[in-house]
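> Coordinates for the following, if possible.
(one chain, ligands or ions: 1)
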Amino acid sequence: MVDVTTDPFESMLHENRHFPPSPEFVAQANASLELYAQAQGDRMAFWDEQAGRLHWDKRWTTTLDWSGAPFAKWFVDGRINVAVNCVDRHVADGFGDQVAIHFEGEPGDTRAITYQQLQDEVCQAANALAALGVVAGDRVAIYLPMIPEAVIAMLACARLGAPHSVVFGGFSAEALRSRIDDAAAKVVITADGGYRRGSAFPLKPAVDEAVAAAPTVEHVLVVRRTGGDVVWTDKDVWWHEAVGGASTTHDPEFFDSEHPLFILYTSGTTGKPKGILHTTGGYLTQAAYTHHMVFDHKPGADVYWCTADVGWITGHSYIVYGPLANRATQVMYEGTPDTPHKGRWWEIVEKYRVTILYTAPTAIRTFAKWGREFPGQFDLTSLRLLGSVGEPINPAAWMWYRSVIGGDNCPIVDTWWQTETGAIMISPLPGVTHTKPGSAMDPLPGISAKVVDDDGNQIERSEAGYLILDEPWPAMLRGIWGDDERYVEQYWSRWPQVYFAGDGAKYDREGHIWLLGRVDDVMNVSGHRISTAEVESALVSHAAVAEAAVVGANDDTTGQAIVAFVILRENADISPDTVENIRSHVGTEIGSIAKPKRVMVVKELPKTRSGKIMRRLLRDVAENRDLGDTSTLADPAVMALISSGLATATDTD
Ligand code: PRX
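Residues are numbered from 1 along each chain as shown. This next block holds a predicted model:
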């Protein structure tokens, strides 16, 4: 069972505040209580109805084919084009003048892109990619800052049936190279750079380095964003020339419902990131359904803002595919929340009259720390619904969000899901659910999630267990790119026919679900998944490091923080410089998000007699707790050696 004694969220279970929706919200809500009964009554008919939100060139014959479990097929034989659904059909319906994206650059430049303009640019980009030789099935890597071209590039790939692999712009050249390589990408779409924390940062050098070692890449399409100098290679093509010069008409092809839409790499329990594969019809169905119901979205009336980066699944499903399928008008912001001042987000909310805001607990905790005077300077009364995603939200942060940002007037939807699930799975339904601060509440209509014990049996209320999904869902991953075996082993082997999410969870006394964090060796830092093995393998690739162990320690702001314990090679210097150098090395290998907050140089690591590192004990040290049971340690004296800490470096970024 999950160890409740180290469960930082234990106190949440005593949370008994309820927040019912206001009668005004209920009266206009998209969702209703009947949805649950409807989905329970006939799950397949329910999903058929949700798929009806989309435009299909050819209707499917069978809702779900699960005969090849755990490889699902949804909306079998249906034919559909994602870009047509997200753009063309809205223009055809007469909404070409509606703004799709209000772009706000960090330096203050803005662009309002209508659905008509979006259609023109997506068609141009599709034509440009086709001219570079991209055909259906080819993989395209996208490594861009948060600028509209990221959305346009993704939709252009979708239009051509060329699966994209978006790599977060904060990842290193090496991380980009390994992802390009794994997917054998033919084209990379990037930019000269972007703006962050008040200055321009370069992106192109990392691409040059990655592409030099990635022979599959034939062309690199480069957006000019900052105007900074770039080294030009014979594979490079300017976006404004290739796309700008292309035709704005493009005849879309319709693809099989199971045609691959994208690959998105995420961390697992080994050092090698997994390419999570999503396909077309089922993914778009659930992204659109959840965006409509969970955010209570009203096309043409709401101004929606999801603050995620397109490099993560939240950006895929809730900036690009869900909102655009539902004809949203949305805000897209390039930069950081404190540039040029700590009220920047709230200034944006006021400026665009944002009605729906979707963000992460880390951001909320950071704002709470900065103080209410920053949001207090702006008019936030346009907000009518708030969302949270990526990590458990503690009741205090939930209450702050509700009162300071939401003016005690907005339902909060705490949405649980994963890169693998593709779309929201557990969440309150606004206008229906009586929310509780800190709980994601219940599986959505159409979704079956349970909390089980070691034997896979559903557990009693108030006990901790494992979160599982025991029915296939439309947006589920269809596998790990190029590694079917790992897919089966990783997600479906613990209990037969059951998807294990890797999260601990509990039911409260009323049967609602509370997420307790990962139970495997995956850390969650600011809502980003990072595996301990990945950081350990980066650490030991440093010349001075002989052995390394990494744990996620609780952190007030980022949820978890990475703490590394390293044993140096005999001839290595134990100096603050070496230790700082080791930290930076992880940044070079993976990206800044994976840099340990603290590196502790130790003489030994605590191991069991069979040689397994006892992370629980290291977590105790990292969190400055009294050591727990050390009786299974091969050499109990090592803990004294570790606690004495030879040298440490702490992140001051
Ligand atoms: O541990 C859960 C946590 O984030 C993990 C999924 O990470 P990723 O694939 O990067 O997707 C993040 C955005 C969907 C989960 O296994 N997580 C996500 N949402 C929540 C959460 N934990 C608690 N509450 C949530 N609402």
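> now the strands: where do they sit in the stretch 301-450 of the chain?
Remark: strands assigned in the stretch 301-450 of the chain by DSSP state E, counting those that start in this stretch are 303-306, 329-333, 356-359, 385-389, 412-415, 449-452.
> other SSEs contacting the first one?
Under the contact definition 3 or more Cβ pairs under 8 Å, 6 or more residues apart in numbering; DSSP states H and E, strand 303-306 sits against strand 329-333, helix 344-352, strand 356-359. Where C-beta positions appear, they are placed from N, C-alpha and C, glycine not excepted.
> One more: the fifth one?
When contacts are defined as 3+ Cβ pairs under 8 Å, 6+ apart, strand 412-415 packs onto strand 385-389.
> what packs against the helix or strand hosting residue 561?
Element membership for residue 561 (DSSP states H and E) is strand 559-568. Using 3+ Cβ pairs under 8 Å, 6+ apart as the contact criterion, the elements in contact with strand 559-568 are strand 522-525, helix 532-540, strand 545-555, helix 576-589, strand 598-601, helix 615-622.
> so residue 217 makes contact with residue 186?
Yes. At 6.7 Å, residue 217 counts as touching residue 186 under the criterion of Cβ atoms under 8 Å.
> For the stretch 151-300 of the chain, which residues are neighbours of the ligand?
For the stretch 151-300 of the chain, the residues in contact with the ligand (Cβ under 6 Å from any ligand atom) are residue 266.
> Repeat that for the chain.
So far as Cβ under 6 Å from any ligand atom goes, the chain lies against the ligand at 266, 313-314, 389-392, 414-419, 440, 501-503, 515, 518, 524, 529.
> per-domain residue ranges of the chain.
15-445, 526-651 (automatic domain parsing).
> For the ones you listed, give me a markdown table that also has mean pLDDT and mean neighbour count.
Shown next, in a markdown table, are these (pLDDT from 0 to 100; neighbours: other Cβ atoms under 10 Å):
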| stretch | mean pLDDT | mean neighbour count |
| --- | --- | --- |
| domain 15-445 | 97 | 20 |
| domain 526-651 | 85 | 18 |
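> Format those domains as a markdown table; extra columns: distance to residue 469.
Formatted as a markdown table, the domains of the chain follow (distance: least, Cβ to Cβ, whole Å):
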| stretch | distance to residue 469 |
| --- | --- |
| domain 15-445 | 7 |
| domain 526-651 | 18 |
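> roughly how far apart are the residue of the stretch 351-500 of the chain found nearest the ligand and residue 312?
Per Cβ to the nearest ligand atom, residue 419 is where the stretch 351-500 of the chain lies closest to the ligand, at 3.4 Å. Distance from residue 419 to residue 312, counting by Cβ to Cβ, to the nearest Å: 8 Å.
> just residue 444 next, same as before
Distance, residue 444 to residue 312, by Cβ to Cβ: 20 Å.
> swap in residue 510?
Taken as Cβ to Cβ, the span from residue 510 to residue 312 is 32 Å.
> can you tell me which residues contact residue 205?
By Cβ atoms under 8 Å, 6 or more residues apart in numbering, the residues touching residue 205 are 173, 231.
> That one is in what secondary structure piece?
helix 204-212.
> Mind giving me the packing neighbours of the helix or strand just after that helix?
Later in the chain than helix 204-212, the nearest helix or strand by DSSP H and E is strand 219-223. Applying 3+ Cβ pairs under 8 Å, 6+ apart, one finds that strand 219-223 contacts strand 187-191, helix 204-212, strand 236-238, helix 239-242.
> Turn the ones you listed into TSV, columns for distance to residue 48.
Shown next, in TSV, are the helices and strands packed on strand 219-223 (distance: least, Cβ to Cβ, whole Å):
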stretch	distance to residue 48
strand 187-191	35
helix 204-212	43
strand 236-238	43
helix 239-242	40
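> Tell me which of the ones you listed lies nearest to residue 541.
Nearest to residue 541 among the helices and strands packed on strand 219-223 is helix 204-212; the distance by Cβ to Cβ comes to 16.3 Å.
> Please report how far whichever residue of the stretch 501-650 of the chain sits closest to the ligand lies from residue 389.
Across the stretch 501-650 of the chain, no residue is closer to the ligand than residue 515, which sits at 3.5 Å (Cβ to the nearest ligand atom). Plainly put, residue 515 is 11 Å away from residue 389 if you go by Cβ to Cβ.
> Overlap in contacts, the two.
Shared contacts of residue 515 and residue 389 (Cβ under 8 Å, 6+ apart): residue 416.
> hang on, the earlier thing: now do the same for the residue of the stretch 501-650 of the chain closest to the ligand: its pLDDT.
With respect to pLDDT, residue 515 has a value of 95.
> other SSEs contacting the helix or strand harbouring it?
Secondary structure from DSSP H and E places residue 515 in strand 513-518. Applying 3+ Cβ pairs under 8 Å, 6+ apart, one finds that strand 513-518 makes contact with strand 464-469, strand 499-507.
> Partner strands of the longest one and their direction?
When you say that, I think you mean strand 499-507. The pairing partners recorded for strand 499-507 under DSSP bridges are strand 464-469 (antiparallel), strand 513-518 (antiparallel).
> Helix or strand next in line after the longest helix along the chain, which one?
The longest helix of the chain (DSSP state H) is helix 115-131. Next along the chain after helix 115-131, taking DSSP H and E as the criterion, comes strand 140-143.
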